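*Asks:* I would like the atomic coordinates for the input below:
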Amino acid sequence: MKSDLPKVLHPVCGRPMIEYVLDSAREAGAEKLIVIVGHRAELVEAAIRHHEDVVFAQQTEQKGTGHAVMMAEPHLSNHEGSVLVLAGDTPLLQGSSLKSLLELRQNRNSACVIGTADTTNNEGLGRVVRNDNGDFMEIVEQKDASPEQQQITEINTGCYAFSTQLMLQALRKLQPDNSQGEYYLTDCPRILQDAGHFVEACCSLTLEEALGVNTRVQLAEARRAIQQDIHERLMLSGVTIENPEQTVIDFDVQIGRDSVIRPFTVIERGSVIGEQTEVGPLQHLPPGSRVSR
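*Replies:* Here you go, the predicted structure:
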């Protein structure tokens with residue numbers, strides 16, 4: 001991101017991108033949210049500590065994704081059942097997709113269900129390797145993939161539903177025997193499978209959902225998708241937005257029916273607009289504004 005701000009705190013339509021991920025986890029049924037923090041942890045904690053269902057785990061050394069999840073063990077050691085593992089920079093995740101991973105894990109008593117997507121635009125992404133019968137074998141990171149494996153179009157989205165206790169067992173067996181010298185979370189499914197547990201990969205997510213925001217360009221792509229959703233939701237509730245492409249409306253804005261939002265208007269988070277009210281053109285409503293006819 002080339003920024004002093006932690007990536008997950010970059011705003012998307014008026015709120016940090018990590019808050020969208022937390023909402024998706026809640027929608028899927030998660031009751032406790034463990035946020036693993038590292039770089040500039042104090043900023044991340046300050047931004048989201050007001051959520052009563054959020055606790056924090058510190059990763060003081062960055063030794064890979066598996067090492068990060070190891071830091072959550074104190075919060076998980078007594079938990080029976082499922083745990084979702086998600087990335088904080090995927091604001092387009094849908095709760096319904098995550099819920100399907102959890103339901104599949106429970107219904108089939110899997111040790112792990114890996115959420116995957118299919119795309120030819122697979123550069124830099126972990127490949128899902130299957131055997132001739134289509135069964136999951138392993139996840140191979142691009143840096144460690146053979147030329148043949150790099151042609152695979154099914155990619156790991158970074159979303160997992162694990163049996164909590166089996167995941168903790170697998171984490172303890174991780175070894176940093178890869179080109180990066182890191183503890184890869186992606187090795188856990190193979191460890192579980194080698195131990196005789198059932199692991200499966202489910203191609204149930206869209207590539208858009210799995211979009212991880214790593215650049216300002218990708219941040220703009222995520223914002224466009226979420227902004228379109230906000231506009232559509234308002235219009236279907238009875239609000240006229242004359243030109244959505246020229247209108248910015250943040251998350252958590254309330255607009256009454258039969259109101260009209262004219263072009264080149266910016267409405268920031270927490271604003272409330274009454275019914276039959278015209279706003280714009282060329283108007284900026286700062287956070288928490290109140291407008292009525």
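*Asks:* C-alpha only now, for contacts and for neighbours.
*Replies:* Noted.
*Asks:* other SSEs contacting the helix or strand of the chain with the lowest mean pLDDT?
*Replies:* Least confident helix or strand of the chain, by mean pLDDT, DSSP states H and E, is strand 136-140 with a mean of 89. Packed against strand 136-140 by the contact rule (3 or more C-alpha pairs under 8 Å, 6 or more residues apart in numbering; DSSP states H and E) you find strand 127-130, helix 188-194, strand 199-202.
*Asks:* Go again with 6 Å.
*Replies:* strand 127-130 (3 or more C-alpha pairs under 6 Å, 6 or more residues apart in numbering; DSSP states H and E).
*Asks:* got a list of contacts for the strand it packs on?
*Replies:* The contact list for strand 127-130 (C-alpha atoms under 6 Å, 6 or more residues apart in numbering) reads Phe136, Met137, Glu138, Ile139, Val140, Glu154, Ile155.
*Asks:* chain center to it, what's the gap?
*Replies:* With C-alpha atoms, centre = their mean, to the nearest Å as the basis, strand 127-130 stands 21 Å off its chain's centre.
*Asks:* now swap in stretch 159-170 and tell me
*Replies:* 18 Å.
*Asks:* residue closest to the middle of this structure?
*Replies:* Thr90 (3.2 Å; C-alpha atoms, centre = their mean).
*Asks:* Buried residues in the strand or helix carrying Arg224, which are they?
*Replies:* Applying DSSP states H and E as the criterion places Arg224 in helix 216-236. Residues of helix 216-236 classed as buried: Leu219, Glu221, Ala222, Arg223, Arg224, Ile226, Gln227, Ile230, His231, Leu234, Met235 (neighbour count, 16 or more other C-alpha atoms under 10 Å).
*Asks:* Could you dump those into CSV with pLDDT and distance to Glu31 added?
*Replies:* Shown next, in CSV, are the buried residues of helix 216-236 (pLDDT from 0 to 100; distance: C-alpha to C-alpha, whole Å):
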residue, pLDDT, distance to Glu31
Leu219, 96, 28
Glu221, 94, 30
Ala222, 95, 26
Arg223, 96, 27
Arg224, 96, 29
Ile226, 97, 24
Gln227, 98, 27
Ile230, 98, 26
His231, 98, 29
Leu234, 98, 29
Met235, 98, 32
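*Asks:* Nearest to Ala210, out of the residues you listed: which one, please.
*Replies:* Within the buried residues of helix 216-236, the smallest distance to Ala210 is 10.7 Å, found for Ala222 (C-alpha to C-alpha).
*Asks:* how far away is the closest one from Gln228?
*Replies:* 10 Å (C-alpha to C-alpha, to the nearest Å).
*Asks:* can I assume Arg290 is in contact with Gly270?
*Replies:* No: judged on C-alpha atoms under 6 Å, Arg290 makes no contact with Gly270 at a distance of 9.0 Å.
*Asks:* More neighbours: those two, which one.
*Replies:* A side-by-side neighbour count of Arg290 and Gly270, using other C-alpha atoms under 10 Å, places Gly270 first with 17 against 13.
*Asks:* so who does the more buried one touch?
*Replies:* Applying C-alpha under 6 Å, 6+ apart to Gly270 gives the contacts Asp252, Val253, Pro287, Gly288.
*Asks:* Give the helix, strand or coil label for Lys99.
*Replies:* helix (DSSP: H, G, I helix; E, B strand; the rest coil).
*Asks:* got a list of what it touches?
*Replies:* With C-alpha under 6 Å, 6+ apart, Lys99 has these contacts: Ala28.
*Asks:* circling back to that earlier point, return the set of buried residues in the least confident helix or strand of the chain.
*Replies:* Neighbour counts over strand 136-140 (16+ other C-alpha under 10 Å) mark Phe136, Met137, Glu138, Ile139, Val140 as buried.
*Asks:* want to try a markdown table for the residues you listed, with distance to Leu33 as columns?
*Replies:* Formatted as a markdown table, the buried residues of strand 136-140 follow (distance: C-alpha to C-alpha, whole Å):
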| residue | distance to Leu33 |
| --- | --- |
| Phe136 | 28 |
| Met137 | 29 |
| Glu138 | 27 |
| Ile139 | 26 |
| Val140 | 28 |
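*Asks:* quick revisit: list the neighbouring strands of the least confident helix or strand of the chain plus their orientation.
*Replies:* If you go by DSSP bridges, strand 136-140 pairs up with strand 127-130 (antiparallel).
*Asks:* Give me the average confidence score over the partner strand.
*Replies:* Average pLDDT, strand 127-130: 92.
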